[in-house]
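**Q** A predicted structure for the sequence below; I have some questions about it.
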Amino acid sequence: MIARSILITGASSGIGRALALAYAAPGVRLALLGRDASRLAAVAEAARAKGAVVEAGTVDVRDRLAMASWIEAADIFQPFDLAIANAGITTGLAPGALTEDPEAVRAILATNLVGVLNTAEPLIAPMCARGTGQLAFVGSLAGLHGLPYSPAYCVTKAGVHAYAESLRGRLEPQGVLVSLIIAGFVKTPLNDSIDAMKPGEITDAEAAALIKRGLSKGKATIAFPWFLYVLTRLGRLLPARVYDRIMAGVTVTVPGTQERIGPENI
């Protein structure tokens with residue numbers, strides 16, 4: 001599938017930024033969403049320099065009504081071939097803590113999970129009506145098995161995986177492809193904050209190239225690095241407490257997010 005009209009959320013940094021630049025080319029229209037206006041403007045300018053037509057919107061993925069309004073208008077103007085629900089944040093347990101900050105937990109749920117729903121829902125009906133299109137969801141290896149140092153993040157990514165897998169069976173008979181991206185460690189500002197061994201870590205540009213290639217082939221699952229994906233899947237075959245003991249020996253520090261949500265997003 002050759003995508004010429006593409007929506008990317010979380011486009012102001014990290015994988016979203018790298019995807020915008022990977023797709024930017026003459027004849028391509030990019031609709032880029034992010035919350036940081038200055039960084040988003042810089043990405044838009046870089047994409048335009050590569051020949052793309054760019055629309056940039058400083059829209060918060062947690063805001064369902066604003067997302068629906070922006071996406072629906074952009075899709076009417078020029079129907080999307082591809083939408084990539086990429087926006088996300090991370091959070092984890094403080095050293096010695098037993099629970100995460102409840103407000104941080106709700107902030108990550110609102111961004112990583114509800115934000116994905118807010119991205120996809122406005123496009124499902126129009127894409128199905130056209131009988132064509134592709135929805136892509138950025139998940140994580142953390143969505144395959146719970147991790148003791150970042151429970152809320154794992155919840156959000158497991159939810160994204162289940163949502164993508166559920167949509168795929170429902171939408172593909174209507175002509176709409178659904179792809180799940182299961183990413184390992186990618187060198188981004190978000191992952192740089194995590195203190196841990198990062199086996200198989202790649203740059204955001206390398207990740208974008210892998211994702212773009214997989215999406216162009218219409219793959220249902222795009223997972224990398226492959227060896228870590230296989231090991232994580234095999235880990236689910238171990239007795240639960242054996243896996244728990246193995247993970248207890250892994251030292252990881254994930255800073256708690258400073259993101260918070262207003263009452264209207266709860």
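**A** Received the coordinates, thanks. Computed from a prediction, not measured in an experiment: that's the story for all the values here.
**Q** which residues sit in contact with V138?
**A** By CB atoms under 8 Å, 6 or more residues apart in numbering, the contact set of V138 is 15, 84-86, 88, 160, 181, 183. (C-beta placed from N, C-alpha, C; glycine too.)
**Q** Swap in 10 Å and give it another go.
**A** Shown in contact with V138 (CB atoms under 10 Å, 6 or more residues apart in numbering): 8-10, 14-16, 19, 84-88, 112, 116, 157, 160, 164, 179-183, 186, 207, 211, 222.
**Q** which ones among these are found in strands?
**A** 8-9, 84-85, 179-183, 186, 222 (DSSP state E).
**Q** what's the closest of the residues you listed to I246?
**A** I182 (20.2 Å; CB to CB).
**Q** That closest one and G16, how far apart?
**A** Using CB to CB, to the nearest Å, we find I182 at a distance of 17 Å from G16.
**Q** Likewise for L238?
**A** Distance from L238 to G16, by CB to CB: 34 Å.
**Q** out of those two, which sits in the busier spot?
**A** G16 (26 against 13; other CB atoms under 10 Å).
**Q** Contact partners for the closest residue to that one other than its chain neighbours?
**A** Counting by CB to CB, 6 or more residues apart in numbering, G10 is the residue found nearest to G16 once chain neighbours are left out, at 3.9 Å. Contacts for G10 (CB under 10 Å, 6+ apart) come out as 16-17, 19-20, 32-35, 40, 61, 84-89, 111, 115, 119, 138, 190.
**Q** swap the cut-off to 7 Å and go again
**A** When contacts are counted by CB atoms under 7 Å, 6 or more residues apart in numbering, G10 touches 16, 34, 86-88.
**Q** Show me which of those is closest to A44.
**A** Of the contacts of G10, the one sitting nearest to A44 (CB to CB) turns out to be G34, at 9.4 Å.
**Q** Give the closest residue to that closest one in space, chain neighbours not counted.
**A** S12 (3.3 Å).
**Q** Show me the strands in this structure, by range?
**A** Using DSSP E, strands in the chain cover 5-9, 29-34, 53-58, 82-85, 134-140, 177-183, 186-187, 202-203, 221-224.
**Q** So which bits of the worst-scoring helix or strand of the chain on mean pLDDT are buried?
**A** Ranked by mean pLDDT, DSSP states H and E, the weakest helix or strand in the chain is helix 189-192, scoring a mean of 76. Using 16 or more other CB atoms under 10 Å as the test for burial, helix 189-192 gives 190-191.
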